[in-house]
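[1] all I have is the shape, not the residue letters:
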């Protein structure tokens, strides 16, 4: 009788567990082994700022499925265990238990690397010691516990958040909501580098109005201690007093194990995979935050770290692994991404998709942009609100290549309309006659994205222009 | 010198004024004459329930542009003037001033019929005398004024709304908000016939919970008077006490003038036009609520009365009229509709697009539907809310042919994503890998429409199924 085949999954969050679940559910006679560094499986990283804000009280609520639940499905789950290296010829992955330090080899027929990403900590004296990341659920818990007593004792902490991306902004908002003082520092001259600067200033103003001390174009040089305790973040433009420093300066894909296996890493620093999530090395797949994806608008490859992609890619990898064990190819493929992202900051909704002007220049695309302000509801409704709109289209073809919305209502899921346009190559000519919805509580009779398409048709001298 | 050419527009609301505005702005040496029955031009019919609710206080706020503003643009606007008949051979339209009764002929080179629709009043004894329509702004004002004193005097009116469509529901909600007692009666067994019955029951429950007395499957037989005043609506299942009766039982396209001109009327009862809004009669265009459009999903023609279409069609007619005066054809065309509609009822959002199961049966399409309930925000957020989801796809092709969403948040503009799918022929196979947005305040990591696509791929046995 043939030996039972083994699928080993490194990384127990969205991508890894989507794949592992698919493989066990497929009902083949396969042993599925998951190794995960942390104490949790399959949780919502995006929920961590809401844990710190106090909207979510129990960290367990962020856990989609526990290790026990996965074990009950029929897989083996090793927690606090990390993969160290892969011997692709021998088809084994060396793993180490983080508490005991014990190492062993796990043999595999198929190996999925869903190793995720790790926070980038600026190379600054003392920051490694004092800067707290909030990248994992246990890190989020620790920060939550640290910030809770200060408020309860009536003493707000002075918290400096390094990084003005969406996680940094969500954290700063959460801190202010909990009664702390929050400052954001970032080397960049704008918040959210995924927006054009003229849209980012709107978001910056929202944060400032909410009480966040936003310091942009500022270089962190050191952290200063007093009597062994953190006292301030030292920048090239003065000190920012700090009891706590949170680091939200982006994250880099974890590719060490993939590299040890001989998998190619692209210019993005992430693992190269094909559309079935296969690396170039036989028997090894990769998915989630550690891989690069095709940007369908720009035609470049990007590393986009989002749960939406991780879930889909994990499932697609699982489908292909099952097919490969049967000697075939999976019927699901991952086409790529268009950079869709939304967030909520201080009750404003921010959505973006596709290319910014800077992205377009980098991709060598000749584009035209329109930027205007509309209302979130019909103008005659009480509190019509504000929506800042920016849409980009390619000169010549009229293809919509990007959209950014920042507004007080009816914004977030509306970016998905532009996302579908970007992904399917819809032009501003076509977009104008799409049958989009209208009712006074949700906007005007001309949808704002269609207003943008009309303006762009005019600016690009394309017909028709309604 | 040649005589100055004349464009006559019948109907001064969305379609008519979009066309008239385009023609005057095109800068040709053309005289533009608009005749409008009512006292207003270009106002938001959809805003009338909000006027009655008291959200909008000044009826003028619903007016997008006044007759004076249009006149200042360079056109002639005759109010309280209706078109009676057209002599297409002579190229004249006979108009009558409603106050003086005076008639005259307006000659035209191009005639646009944007005659709109008129409310259907059930053929019931006394209803013509007592039933109030809220189809025009002046009707809305009258109802608002009638219902105001009752509340201020502390005496709620008992109002019966005939018709459980979206306007009837919005009115009933507005009445309850103003402190009146509201009943809805409808012959149909469900509210909103544009939804499947299993979705409509959710909306019915929302209304009932809000305090509206919803009576479905009920036939109105008469209205009963007492001492010359309205006392009750008499139905086949008892009487409903009533001080006021509002009629919101749908509207029928106004085609009398078009018929007098020899324009064809389709099975929908609306004027037949081509994609440039030309009727079959030379020199005559039609647009807005009085025309029928191609249903791009079913391949049938439908009369859809919505401001979104009226605005687009009016503009397209205007573009074609200008081109025709120059001896050519307009470069803009109206492709058709997919039946997108949204409304808000008692803080619930309702969106629908494409075909219901009944529509699909009528169109002869073999479809599969999925129906499930999700959350409006991530499940771990405070108040995650509820969204009822129903999506239909065609067997064999997997093409998405309809979607219905009823929920407490993040619903309305999300229907537009499904609308784009329906209009562009996106399949459930494709839909699963679209890059749609995610953040905890706006939903789960798998967008509900993509969850539906996954379920449908399974139900239809189509690959891939993520």
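    Great, that's in hand. From a predicted model like this one, the values you see are computed outputs, not experimental measurements.
[2] just the closest residue of the stretch 101-250 of chain A to chain B, please.
    residue A:166 (8.2 Å; Cβ to the nearest Cβ). All C-beta atoms are positioned from the backbone trio N, CA, C, and that covers glycine.
[3] got a pLDDT number for that residue?
    The predicted local distance difference test score for residue A:166 is 93.
[4] ok, now residue A:149?
    Each residue has a pLDDT score; the one for residue A:149 is 61.
[5] dump the residue contacts of residue A:289.
    Contact analysis of residue A:289 by Cβ atoms under 8 Å, 6 or more residues apart in numbering or on different chains lists A:15, A:116, A:117, A:251, A:253, A:254, A:303, A:305, A:306, A:310.
[6] if you set the cut-off to 7 Å instead, what comes out?
    Residues in contact with residue A:289, defined by Cβ atoms under 7 Å, 6 or more residues apart in numbering or on different chains, are A:116, A:117, A:253, A:305, A:310.
[7] phi, psi for it please.
    Main-chain torsions, residue A:289, degrees, to the nearest 10: phi -60, psi -20.
[8] cool, and residue A:410?
    phi 60, psi 40.
[9] on that earlier part again, now for the contacts of residue A:289: which two are most distant?
    Using Cβ to Cβ, the contacts of residue A:289 reach their maximum pairwise distance at A:253 and A:310, which is 11.7 Å.
[10] more neighbours, the two?
    Counted by other Cβ atoms under 10 Å in any protein chain shown, residue A:253 and residue A:310 do not tie: residue A:310 has more neighbours, with 27 against 24.
[11] just checking the distance from stretch A:87-105 to the centre of its chain.
    With Cα atoms, centre = their mean, to the nearest Å as the basis, the distance from the averaged C-alpha position of stretch A:87-105 to the chain average is 29 Å.
[12] what's the average pLDDT for it?
    Along stretch A:87-105, the predicted local confidence has a mean pLDDT of 97.
[13] can you show me the strands along the stretch 51-200 of chain A?
    In chain order, the stretch 51-200 of chain A shows strands spanning A:76-78, A:81-87, A:92-97, A:103-107, A:110-113, A:117-119, A:131-133, A:158-162, A:181-186, with DSSP state E, counting those that start in this stretch as the criterion.
[14] buried residues in the third one?
    Of the residues in strand A:92-97, A:92, A:93, A:94, A:95, A:96 count as buried by neighbour count, 16 or more other Cβ atoms under 10 Å in any protein chain shown.
[15] dump these into CSV; add distance to residue A:379 as well.
    Listed next are these as CSV, based on distance: Cβ to Cβ, whole Å:
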residue, distance to residue A:379
A:92, 66
A:93, 60
A:94, 64
A:95, 61
A:96, 62
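[16] tell me which of those is nearest to residue A:324?
    So of those, ranked by how close each gets to residue A:324 (Cβ to Cβ), first place is residue A:93, at 17.0 Å.
[17] how about the residues of the stretch 1-150 of chain A by chain B?
    Contact residues, the stretch 1-150 of chain A versus chain B (Cβ under 7 Å from any Cβ of the partner chain): A:44, A:46, A:47, A:50, A:55, A:56, A:61, A:62.
[18] all strands in the stretch 301-450 of chain A, in order from the N-terminus.
    With DSSP E, counting those that start in this stretch, the ranges of strands along the stretch 301-450 of chain A come out as A:301-302, A:341-345, A:348-354, A:367-374, A:387-394, A:400-407.
[19] check contacts around the residue of the stretch 1-150 of chain A at minimum distance from chain B.
    With distances taken as Cβ to the nearest Cβ, the stretch 1-150 of chain A approaches chain B most closely at residue A:61, which sits 4.1 Å away. With contact taken as Cβ under 7 Å, 6+ apart, residue A:61 is in contact with residue B:380.
[20] and it, how far is that from residue A:308?
    Applying Cβ to Cβ, to the nearest Å, the value for residue A:61 to residue A:308 is 20 Å.
[21] one more: residue A:131?
    Relative to residue A:308, residue A:131 is positioned 28 Å away (Cβ to Cβ).
[22] what does residue A:188 give?
    Distance check for residue A:188 against residue A:308: by Cβ to Cβ, it reads 25 Å.
[23] between the two, which one's more packed in?
    Taking residue A:188 and residue A:308 together and counting by other Cβ under 10 Å, residue A:308 has the greater number of neighbours (24 against 15).
[24] once you drop chain neighbours, what's closest to the more buried one?
    residue B:438 (4.8 Å; Cβ to Cβ, 6 or more residues apart in numbering or on different chains).
[25] same thing with residue A:113?
    Spatially, and ignoring its direct neighbours in sequence, residue A:113 is nearest to residue A:286 (4.3 Å; Cβ to Cβ, 6+ apart).
[26] what's the neighbour count on that neighbour?
    Residue A:286 has 31 neighbours, counted by other Cβ under 10 Å.
[27] read off the pLDDT value for it.
    You'll see residue A:286 listed with a pLDDT of 98.
[28] so residue A:23 is in contact with residue A:7, correct?
    Yes - Residue A:23 is within contact range of residue A:7, at 5.2 Å (criterion: Cβ atoms under 7 Å).
[29] where do the contact lists of these two overlap?
    Here residue A:23 and residue A:7 share the contacting residues A:30, A:32, A:321, scored by Cβ under 7 Å, 6+ apart.
[30] in contact with the residue nearest to the first one when sequence neighbours are not counted, which residues?
    The one in question is residue A:30. With Cβ to Cβ, 6+ apart as the measure, residue A:5 is the residue that lies nearest to residue A:30, at 5.1 Å, once sequence neighbours are left out. Listed by Cβ under 7 Å, 6+ apart, the contact set of residue A:5 reads A:30, A:109, A:325.
[31] in these, which residue is surrounded by the most others?
    When neighbours are counted by other Cβ under 10 Å, residue A:30 leads the contacts of residue A:5 with 19 neighbours.
[32] tally of neighbours for whichever residue of the stretch 301-450 of chain A sits closest to chain B?
    Among the residues of the stretch 301-450 of chain A, residue A:332 lies closest to chain B, at 3.3 Å counting by Cβ to the nearest Cβ. Neighbour count of residue A:332, defined by other Cβ under 10 Å: 26.
[33] OK, contacts around it?
    The contact partners of residue A:332, by Cβ under 7 Å, 6+ apart, come to A:316, A:319, B:464, B:466.
[34] top of those by neighbour count?
    Within the contacts of residue A:332, residue A:316 tops the neighbour count with 29 neighbours, counted by other Cβ under 10 Å.
[35] wait, that residue touches residue A:274, no?
    No - using Cβ under 7 Å as the test, residue A:316 is too far from residue A:274 to be in contact (10.6 Å).
[36] got any ranges where chain A has weak pLDDT?
    Applying pLDDT under 70 to chain A flags residues A:1-2, A:149-154.
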